[in-house]
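>>> Quick one, what's the 3D model for this:
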Amino acid sequence: MTEKTFEEALAELESKVEALSAGHLPLADALRAYEEGVALVRLCTERLDAAELKVSRLSGD
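As a prediction, this is how the structure comes out:
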C-alpha cells in the first residue's frame, strides 16, 4: 500500500470535515472520522514541513 500524497490526504481531510460539519453522522462514525482527521492533519503537516525544509535548503537559507 502506498502512502497518500499531500493532495490526497488534504482532499480526504476536507471530506471528513464536511461530513462532521453536517452533523448527521452517528456518534461512533463521527468519532472515527475525527480520529482519522487528526491523523490526516498530522500527515499533511509532515508533508508541508518536509517541503518547506526542501525549499529552504534549495534556496540556501
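
>>> for the one helix or strand Thr45 maps to, packing partners?
Of the helices and strands defined by DSSP states H and E, Thr45 is found in helix 27-59. Contact here means 3 or more Cβ pairs under 8 Å, 6 or more residues apart in numbering; DSSP states H and E; on that basis helix 27-59 packs against helix 6-22. Backbone N, C-alpha and C define where each C-beta goes, glycine included.

>>> Show residues contacting the helix it packs on.
Contacts with helix 6-22, where a contact means Cβ atoms under 8 Å, 6 or more residues apart in numbering, come from 4, 25, 30, 33-34, 36-37, 40-41, 43-44, 47-48, 51.

>>> Ignoring the adjacent residues along the chain, who's closest to the residue nearest the centre of the chain?
Centre of the chain computed as the mean C-alpha position; nearest residue by Cα atoms, centre = their mean is Leu40, 2.9 Å away. By the measure of Cβ to Cβ, 6 or more residues apart in numbering, the closest residue to Leu40 outside its immediate chain neighbours is Leu13, 4.2 Å from it.

>>> Would you mind measuring from the one you found to Arg57?
When distance is defined by Cβ to Cβ, to the nearest Å, Leu13 is 27 Å away from Arg57.

>>> So between the two, which is more surrounded?
Leu13 (19 against 9; other Cβ atoms under 10 Å).

>>> And the pLDDT for the more buried one?
Looking at Leu13, its pLDDT reads 98.

>>> Which pair in the contacts of helix 6-22 has the greatest spatial separation?
Distance extremes for those: the farthest pair is Leu25 and Ala51 at 32.0 Å, using Cβ to Cβ.

>>> Between these two, tell me which one has more neighbours.
Taking other Cβ under 10 Å, Leu25 and Ala51 do not tie; Leu25 has more neighbours (15 against 11).

>>> what secondary structure does the more buried one sit in?
On the three-state scheme (DSSP: H, G, I helix; E, B strand; the rest coil), Leu25 is labelled coil.

>>> That one and Gly37, how far apart?
Counting by Cβ to Cβ, the gap between Leu25 and Gly37 amounts to 12 Å.
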